[in-house]
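K.L.:
would you be able to build a 3D model of this:
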Amino acid sequence: MATWEIARNPGPVIATAVHAGHRMRPELLDRVALTDDERRREEDPLTDILAGVGDQTFRARTSRFEIDLNRPVNEAVYLDSSDAWGLTIWDEKPTDEMVAQSLETRAAFYDMMRGWIEESIAQHGRVLLLDVHSFNHRRDGPDADPAPASDNPDIDLGLTTADEDRFGGVVDAFWSGLEGEAAGREIDIRRNVRFVDGGHWPEWVFAEYGESVCTITLEYKKFFMDEWTNRADIAMLEDLRTNLSRATEAARRAL
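P.N.:
Model prediction:
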């Protein structure tokens, strides 16, 4: 099965959903201690739908529990509970050979994206990269109160890897376009609330191509789904995608 799905259409907007996948290689599934539901709770389901607003899209199909494309190479394979929110990941840890195979996938991703980004810069001059994620806010259980909204906006924009001296107009246009309602709910959008950085993937893009690429990380609170049952609120999700599409179009015009 494919490790990822890509679409290369004309246009300067690349959208990635690097944690959307759920598949694992059979030899790893035989060793994993987590249930499908436990793994999916820490993955980012449905972010691949949101990433569809890009002119060009990358959608991971492999689980972050096999290889995390958003972590540096020495942290990209979760081996201990300290790597993954205190979870017991493995009944039997992967062998060195299995880990090496997973790291080959990571290396192939970064090699591919280097060529992809450089080609896009050559074609368009300036590029917008949207890195789409989601986060849990009901970790205390399905019947417990959600985490306080004060620390958990509906959308947390990660802008630590956007050069706002160069791309401030793009960021402003994107944010304005993103504002609005979804399924009758006014969306709470803030910046850099939950995460002090955007993760290794956007940091790498910024370090390599920050003069030409405006990178925005979007962290959607899982209010568009039930993170314990994995049931989605379709109306909410459709409205969020519409808002994101509007924001993307506004940012594209400002590039």
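K.L.:
could you report the neighbour count for the closest residue to residue 79 other than its chain neighbours?
P.N.:
Take residue 79 and drop its neighbours on the chain: the residue closest to it by CB to CB, 6 or more residues apart in numbering is residue 93, 6.0 Å away. Glycine gets a C-beta too; all of them are placed from N, C-alpha and C. As a burial measure, residue 93 scores 13 neighbours (other CB atoms under 10 Å).
K.L.:
now residue 93, what's its secondary structure?
P.N.:
Recorded secondary structure, residue 93: coil (DSSP: H, G, I helix; E, B strand; the rest coil).
K.L.:
all further residue positions should be reported with the first residue as 480.
P.N.:
New numbering, starting at 480: the last item is residue 572.
K.L.:
what about it, distance to residue 634?
P.N.:
36 Å (CB to CB, to the nearest Å).
K.L.:
before we move on, what about residue 582?
P.N.:
32 Å.
K.L.:
higher neighbour count, these two?
P.N.:
residue 634 (23 against 15).
K.L.:
pop out the phi and psi values for that one.
P.N.:
Note on residue 634: its backbone torsions stand at phi -130, psi 120 [degrees, to the nearest 10].
K.L.:
over to residue 695?
P.N.:
Main-chain torsions, residue 695, degrees, to the nearest 10: phi -120, psi 120.
K.L.:
pLDDT at it, what is it?
P.N.:
For residue 695, the pLDDT comes out at 96.
K.L.:
what of residue 666?
P.N.:
As predicted, residue 666 sits at a pLDDT of 97.
K.L.:
state the distance from the nearest residue to it once chain neighbours are set aside to residue 681.
P.N.:
Nearest residue to residue 666 in three dimensions, chain neighbours excluded: residue 633, at 4.9 Å (CB to CB, 6+ apart). Distance of residue 633 to residue 681, computed by CB to CB: 20 Å.
K.L.:
model confidence for the residue nearest to residue 558, exactly?
P.N.:
Per-residue pLDDT puts residue 572 at 96.
K.L.:
got it, and the one 10 residues further on?
P.N.:
Looking at residue 582, its pLDDT reads 98.
K.L.:
just say helix, strand or coil for it.
P.N.:
Under three-state DSSP, residue 582 comes out as helix.
K.L.:
ok, it touching residue 551?
P.N.:
No - between residue 582 and residue 551 there is no contact under CB atoms under 8 Å: 11.1 Å.
K.L.:
which parts of this structure are helices?
P.N.:
Taking DSSP state H, the helices of the chain run over residues 505-508, 515-521, 526-529, 575-603, 643-657, 679-688, 713-733.
K.L.:
could you dump the ones you listed into JSON lines and include distance to residue 490?
P.N.:
Shown next, in JSON lines, are the helices of the chain (distance: least, CB to CB, whole Å):
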{"stretch": "helix 505-508", "distance to residue 490": "36"}
{"stretch": "helix 515-521", "distance to residue 490": "31"}
{"stretch": "helix 526-529", "distance to residue 490": "17"}
{"stretch": "helix 575-603", "distance to residue 490": "8"}
{"stretch": "helix 643-657", "distance to residue 490": "14"}
{"stretch": "helix 679-688", "distance to residue 490": "17"}
{"stretch": "helix 713-733", "distance to residue 490": "7"}
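K.L.:
who are the contact partners of residue 545?
P.N.:
Residue 545 sits next to 502, 503, 504, 507, 556, 581, 584 when contact means CB atoms under 8 Å, 6 or more residues apart in numbering.
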